Every structure is written in structure tokens, then in C-alpha cells.
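Trainee: everything below, folded, please.
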Amino acid sequence: MELSIIIINYNTFQLTCNCIASLQEKLAGVEYEIILVDNASVECNADLFKEKFPFINLIKSPTNTGFTGGNNLGVEAAKGEYLLLLNSDTELINNAPKICLDHIKAHKEAGMVSCQLQYPDGRVQHTCRRFRTISWELLEIFPVYKLLPKHKREMLMLHHYFDHQSFAEVDWVWGAYMLFPRSIIQQLPQKKLSDDFFMYCEDTLWCWDFKQLGYKIHFLPNAKVMHIHKGSVSKDKWIKIRTTSIKNHATLMKKFYPDFRWYIFAAIYFTKQYGALWAGKLFK
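Mentor: So this is what the prediction gives:
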């Protein structure tokens, strides 16, 4: 088996069906399996997936183990040499997994490859990121990077400063689409994807772990996937989710700054993030 595609479903039956159907339609030239982990959904009987797609490997978790736990269940069952973690609210635009698979085979220094994610209306999502260091935060406040040539400042900052139309070596990418060799799992500290976070910021942590092993993370703009984004999240929960994400990210940065510098980072980061969050609530 060349590629194992792992999809986590939690009360997103139709979105997940659309995702699997797009794999059937667009993915070619690869021997693959689809592992669907149902995280104790209550929307409908998970067996309906098997009725609609008999070829999938359906794993029914008795409890909601979160995004991390669900993916680790999928990893345990995977037979492929390579793994693709794919969000349930995605659909292939082109043969993105094959494009990424060919790239990672040809670039042994790359431990993970991601693609260009687009909103349903075609807008590009800003998925390529730098770790939020003190330097990065200060550069956002005091944007001296604007003095650099366009390409250099884009590569320095990434995020929404980068147009996502060219190849990039990045610090981390969204967990909506991550392709990597299964062999790396055994090199990780816990021999599985780090489960420090139930959900939110776990993708940043996984990329951190991969980079600590010496691997690079590559972004390929020619591999394209539609991503609804927040497709499994109701609007009334978004503020709580955003708050959790901010706290998790700050916790993660303690790994980067295990000394007094974390307090400097936290002071800048929390002020910016919660200030933006409160402003968004006030002026929405």
C-alpha cells in the first residue's frame, strides 16, 4: 500500500461523504486506502458510511478522542508507506495527493508536504506559518520587514503576508492536509502524533516535532484542495474555540522559550490576540 488517507468524522456526515467522493473522482496513479475514524458522532449511525463507501476502513471510536486521538487511531490502522491526514470538510480540486507524494519521494529532506487550500469561493487560505516567536510578534508590531524585497519579506513572515502562489519551506502548516512518511511516526518522542492537545494547535506541535527531528516542511501551490474551514464548528462555539487555540499556542511556545523569555512572548502574544478577539466581538 502506497498511501493511507486518514479522515476524522465528528457529526459531519455529508461533508465527509463529499470528501471521500472527491478522492474517488480526482485521485489517480496511487495505490491508496481510506481510513475513516468516526469520533463517537451522534448525528447518524457511522455504519452509513460503510453502506455508501464499502471500500473504506471504518473505525468507530466509542468516545470522542479529539482530532489528535482520532488521527492516532487512524495511524495505528494504516498500511500505507505514506500517510495523508485530511480534514472531513475538504474536497480535492486536482490530484493533490499524487503531486505531493511525488514531491516527497524526490525530496528526502522533506518530512511533510502540504498543499494550497482554498475557500469554496476560490480565495486562498493562509496556511503557511512561522512559529510565533518574540521576533515574529515584534515584526508584526514594528513592520521593518516592509523594507525588504517582496519575496524576502513574504518568506520571512509567511501567514497572510505570503500570497501562497509559490513553493515555500515553512515552519508549520494547517492540519487540514498533511502528507508524510509513516516511518517518521516511530521517530517521534511518543511513537505517535503528540497528544498534548485534544484539539487546536496540535498541527503546530506536530510540525514542531518533525522539525526537531531535522525534517523540512514543504508547501506546494500546484497541489490544490478546497477547504470549507470551520465546517464542523458552529458559529456560537467559535469564540470559545479561538480562546482555546490562543492558550494552546502559548503553552506550545514554552517549548521554544523554556526560560524567562516565555513571559516576554506571552505578554506580547496575549495582548495582541485577546485585543483582536475583544475588538472582533465589540465591532462585529
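Trainee: what pLDDT does the nearest residue in space to Leu48 that is not next to it in sequence get?
Mentor: Nearest non-adjacent residue to Leu48, counting by Cβ to Cβ, 6 or more residues apart in numbering: Phe13, 6.9 Å away. (Glycine included, C-beta is placed from N, CA and C.) In the predicted model, Phe13 carries a pLDDT score of 96.
Trainee: Lys237 too?
Mentor: 66.
Trainee: next up, phi/psi of the closest residue in space to Tyr32 that isn't next to it in sequence, please.
Mentor: Nearest residue to Tyr32, sequence neighbours excluded (Cβ to Cβ, 6+ apart): Leu3, at 4.2 Å. Per-residue torsions, Leu3: phi -140, psi 130 (degrees, to the nearest 10).
Trainee: tell me who's in contact with Leu3.
Mentor: Contacts of Leu3 were listed using Cβ atoms under 8 Å, 6 or more residues apart in numbering, and they are 30-33, 80-84, 97, 101, 179.
Trainee: filter these to the buried ones?
Mentor: In terms of neighbour count (16 or more other Cβ atoms under 10 Å), the buried residues within those are 30, 32-33, 80, 82-84, 97, 101, 179.
Trainee: what about those residues, which are in strands?
Mentor: Among the buried ones among the contacts of Leu3, the residues falling in strands (DSSP state E) are 32-33, 82-84, 179.
Trainee: and of the residues you listed, the nearest to Trp206?
Mentor: Using Cβ to Cβ, Leu83 comes nearest to Trp206 of these, at 11.5 Å.
Trainee: from memory the closest one sits against Arg182, does it?
Mentor: Yes. Contact criterion Cβ atoms under 8 Å: Leu83 and Arg182 qualify, at 5.1 Å.
Trainee: between those two, what contacts are shared?
Mentor: Contacts common to Leu83 and Arg182, judged by Cβ under 8 Å, 6+ apart, are 4, 75.
Trainee: that older thread, which pair in the ones in strands among the buried ones among the contacts of Leu3 has the greatest spatial separation?
Mentor: By the measure Cβ to Cβ, Glu33 and Leu179 form the most distant pair in these, at 14.2 Å.
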